[in-house]
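>>> Could you work out the structure for the sequence below:
(one chain, ligands or ions: 1)
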Amino acid sequence: MKKIFLLLLITVNILSCKKNKKTSFVNDTTHEAKIEALLSKMTLEEKIGQTNLRGVSSRATSLPTDLKESVRKGNVGAFLNIMNLEYVDELQRIAVEESPNGIPLIFGRDVIHGFKTLFPIPLGLAATWDAKIVEKSSEIAAFEASGAGIRWTFAPMLDIARDSRWGRIAESPGEDPYLATVLGAAYIKGFQGDDLSSPYRMAASAKHYIAYGAAIGGRDYNTVDISEQLLRNVYLPPFKAAIDAGSATVMSSFNEINGIPATGNEFLLKDVLRDELQFDGFVVSDWDSVIEMVAHGYASDEKHAGELAAKAGLDMEMTSQAYENHLKELIEEKKISVEELNEFVRNILRIKFRLGLFKNPHRNKEHTGNFYAKDHLKEAKKAAIESTVLLKNKNSILPISEKTNVAIIGPLANAPHEQLGTWSFDGEKEHTNTPLNAYQDTNTNFKFAKGLDYSRDTSKKGFKEAINIAKKSDVILFFGGEEAILSGEAHSRANIDLPGIQEELINELAKTGKPIVLVIMAGRPITITNIIDKTDAVLMAWHPGTMGGEALYEIINGIKSPEGRLPVSWPKTAGQLPYFYNHKNTGRPADSTNYIPMDKIPVAAWQSSLGNKSHYLDVGFTPHFPFGYGLTYTSFKYSDVSISKKDINFNEDLEVKFSITNTGKKAGKEIAQLYIQDVVGSITRPVKELKRYQHVSLKSGETKEVIFKISSKDLEFVNHKLIKVAEEGVFNLWVGPNAAQGLKTSFSIKK
Ligand code: GLC
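So this is what the prediction gives:
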């Protein structure tokens, strides 16, 4: 039994030390006095009004009189989805000029991966492993959205996702906590900048707090039942990173966690968020999630739901009106105190002050947002290139020459709306550059036949034309995948194959003998086990956004190289899910020596002859493609890994050095990854955990040395006593191109 030396005993539930917040808010006392002064003048009704986030249809064609009257009385604190600029201006004017204390409104919107200029969906942005491009995409999104009066976005979504059946994996940063913490902080920096009062920035909302991605079966909104140590080791780190980066707001999730819905969960909203993480912004509920506590069977009625949310520390209620309808009564009945309400209002006013809304409540009418500006589109194309993952490239068929005679086929080849992906309300499909558009803008030889009208199409009426143009071409470019509606909120799928009869069309096209390049646009990994052998190359473009066409044209024709790496393990079949690389070893870990594929099992085999290990008889125990995987147009060799010491003490740095050589003929970029394994722990530990990564660009034949530094701080985890510890013992360490490959070494932590 390994002795446990507690590196730092933190009673995880309550941190005594004040967090050093890496934000421009450190020691921000200027606003507190103003907040108290305002609070002292507000009536009970006005205080309750601030907690009210009113939903309006973005397609509203008028401003109802009663809505304006509510604002005039100070009964509304914020709006979501007001997309008519005149309405934004009129409502803010009423709030500032006619309400009792002139408290400005915040206008919010789901600006998830761009506003008008759309970037790849967040799972695609995660595939860039590039904090800079994530920050840039959010900065541009904020610049455009603030031009439409939006100063609060309901992003970033930081839900770790381990199940590709879940529709909202499309919005997630993937399956790894470390990658999600790096990108989570970048989103906050991009949306909020260093000065949240800038009229070109937006308050972020780290969502959905918490463990929304752990819903049973990948079924959206479904039950989450996980240990607190799993919650703290996997699901909490991205939220901590976002809060440390200064996220102005946090959104509570729809799901329950171990029987208590997040929106009424005092432990999560107070003990963890406020006391441990020192969050000082405000918590907003997700859409109607307050009153959904009745459906959960946790609240008896709307009033009880309001009481439970308020007791738990929820500051602002989205769209439902339990606070508006019952908080006054709950206070009169002394079930909720005025001081509890005052705290909600303080948190909300603090963000309104930080947004500069008291100084400049009205949008700057000269600031139009520069929708689709050239530099915005350029960044969107760069992101689409960096997010595209090359999964297969048999005989290096890619890149092809621009002179190649290609057949452009498939339901996503010219699907301007679908290509934008989920949560793309404000992006206009007229601005989408599709793969067909990109070919039309060049003088290359191509023929086009959709073959299928949309991803779920089951009609073969287009097959003949598609097969005909394939026969007259040198290479088939098949653009398949999912329509945008097949991923995102409430859009989980039990079967994640290519929808419709895309596989059948690919099989028919394969009969022409022409090589097939499959380009997938989808909101999740798509199981392609049935047809991958019919293809010569596979590119995963996710839903690549406005500039996906040109990005893919440049990758296919070698003007750019694919740079993405998988942010999620790619399953062979949905039956393997949930699947994630950082799994535990179990007492009977599977490996190739004890696995007999089902079709090789002898008839009447002896019951215990198949290797009693943790695998599936039919699909084995590995994903189709591992976390971190992605090919390039060149090849890389890792060599000469060394560590500065075999044994380190707690808090002593370990330096890891290794070389990467570009052994191919083309320049390329590798994303070098460092994984560790804590071999023996006071609780079982994952077989691998990503702890560092670095982009390394190399010319053909070039070698570079890479140095990573880690310490016991990087090896800490929350144990079964809910204490964050690093422990003595042996650690395996790999440096390599993905979670399944790499050069291995090991070191020990010794007191
Ligand atoms: C939705 C989503 C949430 C979104 C909110 C406002 O139901 O769960 O992510 O921000 O409502 O649209």
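>>> Checking residue 201 next. Helix, strand or coil?
Secondary structure, DSSP: H, G, I helix; E, B strand; the rest coil: residue 201 is coil.
>>> Quick one: residues contacting the closest residue to it other than its chain neighbours.
Spatial nearest neighbour of residue 201, chain neighbours left out: residue 193 (4.5 Å); criterion: Cβ to Cβ, 6 or more residues apart in numbering. C-beta here means a position set from N, CA and C on the backbone, and glycine is covered the same way. Residues in contact with residue 193, defined by Cβ atoms under 8 Å, 6 or more residues apart in numbering, are 139, 142, 200, 201.
>>> most surrounded residue in those residues?
residue 142 (26 neighbours; other Cβ atoms under 10 Å).
>>> Need the pLDDT of residue 443.
The score at residue 443 is 79. That number is its pLDDT.
>>> That one is in what secondary structure piece?
Here residue 443, judged by DSSP states H and E, is contained in no helix and no strand.
>>> Need the residue closest to the centroid of this protein.
residue 172 (2.3 Å; Cα atoms, centre = their mean).
>>> Next up, the contacts around that one.
Contacts for residue 172 (Cβ under 8 Å, 6+ apart) come out as 122, 123, 126, 157, 158, 159, 160, 161, 180, 213.
>>> closest point of the stretch 351-500 of the chain to the ligand, which residue?
Going by Cβ to the nearest ligand atom, the ligand is nearest to residue 489 of the stretch 351-500 of the chain, at 5.5 Å.
>>> Can you report how many residues lie near whichever residue of the chain sits closest to the ligand?
Residue of the chain nearest the ligand, by Cβ to the nearest ligand atom: residue 154 (3.2 Å). By the measure other Cβ under 10 Å, the count of residues near residue 154 is 24.
>>> Okay, now the unreliable bits of the stretch 1-150 of the chain?
Confidence mapping of the stretch 1-150 of the chain against pLDDT under 70 gives the ranges 1-29.
>>> where along it do the strands fall?
Using DSSP state E, counting those that start in this stretch, the strands of the stretch 1-150 of the chain run over 52-55, 78-80, 106-109.
>>> Redo those strands as TSV? Include distance to the ligand and mean neighbour count.
Listed next are the strands of the stretch 1-150 of the chain as TSV, based on distance: least, Cβ to the nearest ligand atom, whole Å; neighbours: other Cβ atoms under 10 Å:
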stretch	distance to the ligand	mean neighbour count
strand 52-55	8	21
strand 78-80	6	24
strand 106-109	8	25
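>>> Need the ones you listed in JSON lines (columns: distance to residue 63).
Formatted as JSON lines, the strands of the stretch 1-150 of the chain follow (distance: least, Cβ to Cβ, whole Å):
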{"stretch": "strand 52-55", "distance to residue 63": "12"}
{"stretch": "strand 78-80", "distance to residue 63": "11"}
{"stretch": "strand 106-109", "distance to residue 63": "13"}
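>>> Select, out of the ones you listed, the one closest to residue 391.
In terms of Cβ to Cβ, the element of these nearest to residue 391 is strand 106-109, at 34.2 Å.
>>> what pairs with that closest one, and is each one parallel or antiparallel?
strand 78-80 (parallel), strand 152-153 (parallel) (DSSP bridges).
>>> I'd guessed residue 695 sits against residue 128; true?
No. Residue 695 lies out of contact with residue 128 (Cβ atoms under 8 Å); the separation is 9.3 Å.
>>> Who has more neighbours out of the two?
Using other Cβ under 10 Å, the more surrounded residue of residue 695 and residue 128 is residue 128, with 28 against 15.
>>> CA atoms of stretch 712-725 as PDB?
Extracted in PDB, the C-alpha atoms of stretch 712-725 (Å, rounded to 0.1, in the frame of the first residue of the first chain):
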ATOM      1  CA  SER A 712       3.600  16.900  -8.600                       C
ATOM      2  CA  LYS A 713       1.100  19.800  -8.900                       C
ATOM      3  CA  ASP A 714       0.100  18.300 -12.300                       C
ATOM      4  CA  LEU A 715      -0.400  14.900 -10.700                       C
ATOM      5  CA  GLU A 716      -2.800  15.900  -8.000                       C
ATOM      6  CA  PHE A 717      -6.300  14.400  -7.900                       C
ATOM      7  CA  VAL A 718      -9.200  14.300  -5.500                       C
ATOM      8  CA  ASN A 719      -9.200  11.000  -3.500                       C
ATOM      9  CA  HIS A 720     -12.100   9.100  -1.900                       C
ATOM     10  CA  LYS A 721     -11.900  11.400   1.100                       C
ATOM     11  CA  LEU A 722     -12.400  14.300  -1.200                       C
ATOM     12  CA  ILE A 723      -8.900  15.700  -0.400                       C
ATOM     13  CA  LYS A 724      -6.700  16.900  -3.300                       C
ATOM     14  CA  VAL A 725      -3.500  15.000  -3.100                       C
END
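>>> Tell me which residues of that stretch come out buried.
Of the residues in stretch 712-725, those buried by neighbour count under the rule 16 or more other Cβ atoms under 10 Å are 712, 714, 715, 716, 717, 718, 719, 723, 724, 725.
>>> what do you get for stretch 270-284?
So, applying 16+ other Cβ under 10 Å, buried residues of stretch 270-284: 271, 272, 273, 276, 277, 279, 280, 281, 282, 283, 284.
>>> That one near the ligand anywhere?
No. Stretch 270-284 is not in contact with the ligand by Cβ under 6 Å from any ligand atom; minimum separation 8.9 Å.
>>> Who are the contact partners of residue 738?
For residue 738, the contact set (Cβ under 8 Å, 6+ apart) comprises 565, 566, 626, 627, 628, 629, 630, 673.
>>> Swap in 10 Å and give it another go.
By Cβ atoms under 10 Å, 6 or more residues apart in numbering, the residues touching residue 738 are 565-566, 569, 581, 625-630, 671, 673, 675, 690.
>>> can you pull out the strands in the stretch 251-400 of the chain?
Using DSSP E, counting those that start in this stretch, the strands of the stretch 251-400 of the chain run over residues 256-257, 260-261, 282-285, 317-318, 389-393.
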